[in-house]
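**Q** Task: produce atomic coordinates for the following.
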Amino acid sequence: MKVLNQNPLNFFSKLFNFQLNLLNLLFYFLLFGGGLTLGMVLSFYMKDFSLSLQLAQFSFSTSTSASNPHNLMPNVKAVQPNESYRPPRIGLKEYLKPPEVFHDMDDVELLWRASMSPRISEYPFPRVPKVAFLFLVKGPVLLAPLWEKFFKGHQGLYSIYVHSNPSYNGSHPETPVFHGRRIPSQEVEWGNVNMIEAERRLLANALLDISNERFVLLSESCIPLHNFSTVYNYIIRSNETFVQVYDDPSSVGRGRYSFNMYPQVWLNQWRKGSQWFEMDRSLAIEVVSDRKYFPVFQSYCKGSCYADEHYLPTFVNMKFGKKNSNRTLTWVDWSRGGPHPAKFTRTDVTIDVLNSLRNGTSCIYNGRVSNAQDPNSPSFFPKSFNLQRHLRNLLSHFLLFVFGLTLGVVHSNLKEFSFGSLQFAQFPFSPMSPPPPSNISKTLMPNATSPTISVVATNTSASSSPPRIGLKDYLKPPKAFHDMNNSELLWRASMTPRIPEYPFHLVPKVAFMFLTRGPVVLAPLWEKFFAGHQGFYSIYVHSSPSYNHSSYTETPVFRGRRIPSQEVEWGKVSLIEAERRLLANALLDISNQRFVLLSEACIPLYNFSTVYSYLMNSTQTFVEVYDDPSGVGRGRYELSDYPGITIDQWRKGSQWFQADRDLALEFVSDRKYFPVFMKCKDYCFADEHYLPTFVYMKFGAKNANRTLTWVDWEKGGPHPTEYKSENVTAELLSDLRNGFGRKCEYNGRSTDVCFLFARKFPPTALDNLLKFARESIHFNT
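**A** Numbers count the residues shown, from 1 in each chain. Here you go, the predicted structure:
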C-alpha cells in the first residue's frame with residue numbers, strides 16, 4: 001500500500017486549503033451574481049470560520065480544558081509490593097518490570113517463555129491493563145508522526161512492538177515512541193505461512209509484559225481513526241475478541257482446504273477472515289502455545305492457500321467461537337477485487353472519506369447493536385460523498401441569494417456546515433473525548449454510532465547491542481530470600497507454561513523442603529547425603545520468624561536457604577500455609593520437578609542416588625490418603641463447615657508428602673478448597689485432612705496413596721515415637737529401610753523399598769546416625 005513520505009498534518013492542511021479555495025470560487029460566483037456586497041463579507045467570515053473549524057476538528061489536540069484530560073484514563077501507578085525487612089534478592093517488582101524487546105531467544109524459546117500464565121487468575125497487585133500495538137512492517141514506520149500524536153500523553157497504557165524485515169538497517173530516524181521497539185525479526189513473504197510466524201513472534205514478545213491485556217495487529221499502511229482514549233476504552237471494555245471469521249464456500253475459501261489437514265482440521269471447520277486482528281490475553285496465549293493446528297498449516301497451507309487468511313480464523317472458530325465477535329476492527333476495502341485491497345491516494349483522502357471510515361458498519365458491541373452507517377453501501381465511496389457535499393454547498397448559497405443579508409441566513413449556513421462535521425466531531429483526535437468512567441472494570445457501551453477501528457503498523461531500527469533479556473536469565477534459580485507477601489508469592493509460583501516441551505536441556509531437580517521450628521539440627525547428616533550431587537537438588541527451609549539464625553552456624557548446603565517465614569502452630573491451618581509457602585518458593589525454580597516435605601527430625605534412609613532415582617522414575621505422587629471412619633477421621637467432618645466437600649470425599653493422611661510439579665502447582669493455586677479448610681480449627685487438624693482430601697478429589701488416579709516417610713504411631717497419642725540416641729542402631733536403620741518387612745507397589749510392581757525417609761529423631765541421636773550412616777545408608781556410594 002502506498003504511504004505518504006511527508007508530514008501527515010501538513011498534507012491534510014494543504015488538502016483542506018485546496019478544498020476551501022474551490023468553495024471560495026463558488027462563493028464568489030453566487031455572491032457576484034446576486035450583487036450582495038454584505039453577503040461577500042459574511043462569506044469571508046464563513047471561510048475563516050470553516051477553515052479553523054475543520055482544522056481544529058481533525059487536529060490531534062492535546063490542550064487541556066476545564067476537565068483534566070488525565071482524569072479520563074486510569075492512573076498508572078508503579079507496582080509496589082510490600083517492602084521487607086531485608087534488601088530483597090528477588091521480588092515481584094523485578095518480575096513484573098516490562099522487559100526490553102531485544103533478546104537472544106530463538107522462536108522456540110520465545111514461544112515457550114511467552115506461554116507462561118498464572119493458574120491463579122486474580123492479580124495480587126494494582127494492574128493497569130495495557131494495549132499492545134503490534135506493527136508488522138517491511139521497513140520503517142513512515143506514518144510515525146501520526147502515531148506519535150495518537151500515543152501522546154498516554155504513557156503506561158500502551159506498548160509497541162515492531163517486526164520488520166531483517167535486511168532493514170534502521171537508517172530511517174525513529175520517533176520517540178518507536179525508539180527501541182523493534183523485536184528480533186525474520187523474513188516475511190506475502191501470503192506465506194511465515195506471516196503467521198511473524199504474528200506469533202509479535203504476540204510472544206508482547207506477552208512477556210504481564211500488563212499487556214489486549215493485542216492489536218497493524219501494518220505500516222494503517223492509521224488510527226479515533227483518539228487513543230476512544231480506542232483504549234473500546235478495546236479494554238470489550239467482552240469479545242475481534243477476529244474476522246466466516247465460511248467462504250468458493251474456490252478462494254473452502255477451495256483452498258487440503259484434505260491432508262484431516263483429521264486435525266475438517267473441511268466444515270475451515271474458515272477465512274482478515275489478517276488484522278484484535279485479541280485478549282487468553283487468546284494470545286493460546287495462539288503462541290498452539291502445537292496442534294499450527295504445524296498442520298505449516299505443512300499443508302502453502303502457495304495459493306494464504307495461511308494468514310485461514311489459520312487464525314479457523315483456530316478461533318474451533319476453540320473460541322463463543323467469545324469472538326467474528327469481525328475485525330480494521331477497515332479494508334476489497335470492493336474492487338483482486339489480491340490486494342484498494343489504496344487511498346492523496347486525492348481520496350478527504351474529511352468525508354475519513355468520516356465514512358469512522359462511521360463504519362452496523363455491528364454488535366458487548367451485546368448491543370451499533371447504528372453506524374454501513375461502509376458497504378454506495379454512500380461510502382468518495383464520489384458519493386463529494387456529491388452530497390456540493391449539494392449542501394449549493395443549498396447554502398441558494399439560501400444566501402434568496403434571504404439576502406439577514407443574520408438568519410448566516411446562522412442557517414453555519415448550522416448546515418456544522419451538521420456536515422457533526423459525526424466527525426463525536427470522536428475528535430483529542431485525549432478529552434469520550435471520558436471513561438472512573439472504574440475501568442465496568443463495561444461501558446460506546447456511542448451507538450461508534451465505528452469499527454482501523455490501525456496500521458511499521459518498523460523501527462534494530463539494535464545491535466547485547467541482549468537485554470534472554471531465557472538464561474529467566475531460568476536462573478532465584479535466591480530464597482525475597483520481598484513478596486503470600487498472595488504475590490503464590491501467584492508468581494503458579495506460573496506455568498502452556499507449552500509442555502522445554503526448549504532447553506533441563507536437568508530435573510528434587511526440592512527438599514524443611515519445615516522446622518529453628519535450625520536444621522541434623523544438618524551434618526544431610527550434608528553427607530547431599531555431598532557430590534550439586535545441581536540435582538534444591539533446599540528450602542521454613543522456620544519460626546522468632547528464630548535467631550545468627551545464634552546457630554549453618555552448614556554449607558543450608559546457608560542462605562531460609563525463606564521468608566511466618567509463625568506455625570501445631571495442628572493449625574498455619575501448617576498448610578507454611579507448606580504452600582515452601583512449595584511456592586520451590587516452584588520459582590523451573591528445574592524443580594519433585595518436592596519432598598521434611599522436618600528437622602527427619603533422616604534419609606538411602607543415599608542420594610537411590611532417593612533421586614526413586615522419585616524421578618516414579619509415575620505417581622506419594623501422598624498418604626485413606627478413609628478413616630472413626631472419630632478422628634470422618635468424625636472431624638462437618639457439612640456446614642465444608643461446602644463443596646462431601647463426607648464420602650473426606651480423607652486423612654500423613655503430613656509428609658512427595659509431589660510432582662503438576663500437583664505442587666495445583667496445591668499453591670487452589671482457590672476453591674483451601675479457603676474451606678481455613679475453617680478447620682480446634683481438633684480438626686487441617687494438616688491431616690486438607691492435602692489427602694484435595695489429592696483424592698483431583699489426583700486420585702495418579703497418587704500412590706502412601707507416604708515415603710516412615711513414622712511410628714503404634715504407641716498411640718498425638719505424637720509419633722521418637723527414636724532417641726540409644727535406640728539408633730544399625731539394626732534399626734536396616735529395619736526402617738526395609739519397612740519392617742512391608743511390601744508396597746512402585747510403578748505397578750511389588751517392592752520392599754517403601755520408605756526413603758524416617759522420623760522422629762532428636763538432635764541427641766545425631767552422633768549415632770553419623771556413626772552408622774556410611775555402613776547402613778551407604779552415603780559413600
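
**Q** From now on I want contacts and neighbour counts done on CA atoms only, so please keep to that.
**A** Fine.

**Q** Roughly how far does residue 728 sit from residue 715?
**A** Counting by Cα to Cα, to the nearest Å, the gap from residue 728 to residue 715 is 18 Å.

**Q** cool, and residue 707?
**A** For residue 707, the distance to residue 715 - Cα to Cα - is 19 Å.

**Q** Which one's more surrounded, those two?
**A** Neighbours were counted for residue 707 and for residue 715 using other Cα atoms under 10 Å; residue 707 has more, 22 against 9.

**Q** Please name the residues that touch the more buried one.
**A** By Cα atoms under 8 Å, 6 or more residues apart in numbering, the residues touching residue 707 are 622, 623, 624, 654, 656, 657, 658, 755.

**Q** Surely the fourth one is in a helix?
**A** This points to residue 654. No - counting by DSSP: H, G, I helix; E, B strand; the rest coil, residue 654 is not part of a helix but coil.

**Q** any idea which helix or strand comes after the helix or strand of the chain with the lowest mean pLDDT?
**A** The weakest-scoring helix or strand in the chain, judged by mean pLDDT, DSSP states H and E, is helix 422-426 (a mean of 34). Heading C-terminal from helix 422-426, the first helix or strand you meet, by DSSP states H and E, is helix 471-475.

**Q** Only C-alpha atoms, please: export that following helix in PDB.
**A** Output of helix 471-475 as PDB, limited to C-alpha atoms (Å, rounded to 0.1, in the frame of the first residue of the first chain):
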ATOM      1  CA  LEU A 471      16.000 -17.400  28.600                       C
ATOM      2  CA  LYS A 472      19.200 -17.900  30.600                       C
ATOM      3  CA  ASP A 473      18.400 -15.100  32.900                       C
ATOM      4  CA  TYR A 474      14.800 -16.200  33.300                       C
ATOM      5  CA  LEU A 475      15.800 -19.800  34.100                       C
END
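
**Q** contacts for that helix?
**A** Against helix 471-475 from outside (Cα under 8 Å, 6+ apart): 104, 105, 109, 110, 113, 589, 590.

**Q** repeat that for 7 Å
**A** 105, 109, 590 (Cα atoms under 7 Å, 6 or more residues apart in numbering).

**Q** who wins for neighbours among the residues you listed?
**A** residue 590 (20 neighbours).

**Q** all helices of the stretch 251-400 of the chain, in order?
**A** 281-289, 294-300, 311-319, 351-359, 382-403 (DSSP state H, counting those that start in this stretch).

**Q** can you pull the pLDDT of the closest residue to residue 503 other than its chain neighbours?
**A** Leaving aside its sequence neighbours, residue 503 sits nearest to residue 109 (Cα to Cα, 6 or more residues apart in numbering; 5.5 Å). Predicted confidence (pLDDT) for residue 109: 93.

**Q** Run a quick check on residue 109 versus residue 502, I expect a contact.
**A** No - applying Cα atoms under 7 Å as the test, residue 109 and residue 502 come out as separate, 8.2 Å apart.

**Q** Could you list which of the contacts of residue 707 belong to helices?
**A** Nothing among these maps onto helices, per DSSP state H.

**Q** Of these, which belong to strands?
**A** Mapping the contacts of residue 707 onto strands (DSSP state E) picks out residue 658.

**Q** Need the contacts of residue 707 in TSV (columns: pLDDT, distance to residue 133 and neighbour count).
**A** Converted to TSV, the contacts of residue 707 look like this (pLDDT from 0 to 100; distance: Cα to Cα, whole Å; neighbours: other Cα atoms under 10 Å):
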residue	pLDDT	distance to residue 133	neighbour count
622	97	47	21
623	97	47	24
624	95	51	25
654	93	52	20
656	96	49	22
657	97	46	20
658	97	45	25
755	95	56	22
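
**Q** Tell me the one among the contacts of residue 707 nearest to residue 762.
**A** Here the nearest of the contacts of residue 707 to residue 762, counting by Cα to Cα, is residue 656; it sits at 17.4 Å.

**Q** What distance do you get for the residue lying closest to the closest one once chain neighbours are set aside to residue 694?
**A** Leaving out its chain neighbours, the residue that sits closest to residue 656 by Cα to Cα, 6+ apart is residue 597, at 5.5 Å. In this view, residue 597 and residue 694 are 17 Å apart by Cα to Cα.

**Q** that older thread, OK, contacts around the residue nearest to residue 656?
**A** 512, 513, 514, 656, 657, 658.

**Q** The first one against residue 595, yeah?
**A** So that's residue 512. Yes - counting by Cα under 7 Å, residue 595 is a contact partner of residue 512 at 6.2 Å.

**Q** Between the two, which is the more surrounded one?
**A** Higher neighbour count among residue 512 and residue 595: residue 595, with 27 against 22, using other Cα under 10 Å.

**Q** who touches that one in this structure?
**A** 510, 511, 512, 658, 659, 660.

**Q** Please apply the same query to residue 151.
**A** residue 228.

**Q** From residue 134, how far out is it?
**A** Taking Cα to Cα, one finds residue 151 at 14 Å from residue 134.

**Q** How about residue 121?
**A** Distance from residue 121 to residue 134, by Cα to Cα: 25 Å.

**Q** what's across from the nearest residue to residue 215 once chain neighbours are set aside in the sheet?
**A** Among residues not flanking residue 215 along the chain, residue 132 sits closest, at 4.8 Å (Cα to Cα, 6+ apart). On the basis of DSSP bridges, residue 132 is bridged to residue 159, residue 215.

**Q** Residue 201: which element?
**A** Counting by DSSP H and E, residue 201 is found in helix 194-207.

**Q** So what touches that helix?
**A** By Cα under 7 Å, 6+ apart, helix 194-207 touches 101, 110-111, 114, 132, 134, 161, 163, 188-189, 212, 284, 287-288, 308.

**Q** So which of those sit within strands?
**A** Short answer: the contacts of helix 194-207 in strands (DSSP E) are 132, 134, 161, 163, 212.

**Q** from the residues you listed, which is closest to residue 353?
**A** residue 134 (25.5 Å).

**Q** For the closest one, the count of nearby residues, please.
**A** Neighbour tally, residue 134, other Cα under 10 Å: 28.

**Q** I'd say it and residue 160 touch.
**A** Yes - using Cα under 7 Å, residue 134 is in contact with residue 160, at 6.2 Å.

**Q** Residue 610: how many residues sit nearby?
**A** 13.

**Q** same deal with residue 286?
**A** That count, for residue 286 with other Cα under 10 Å as the rule, works out to 17.
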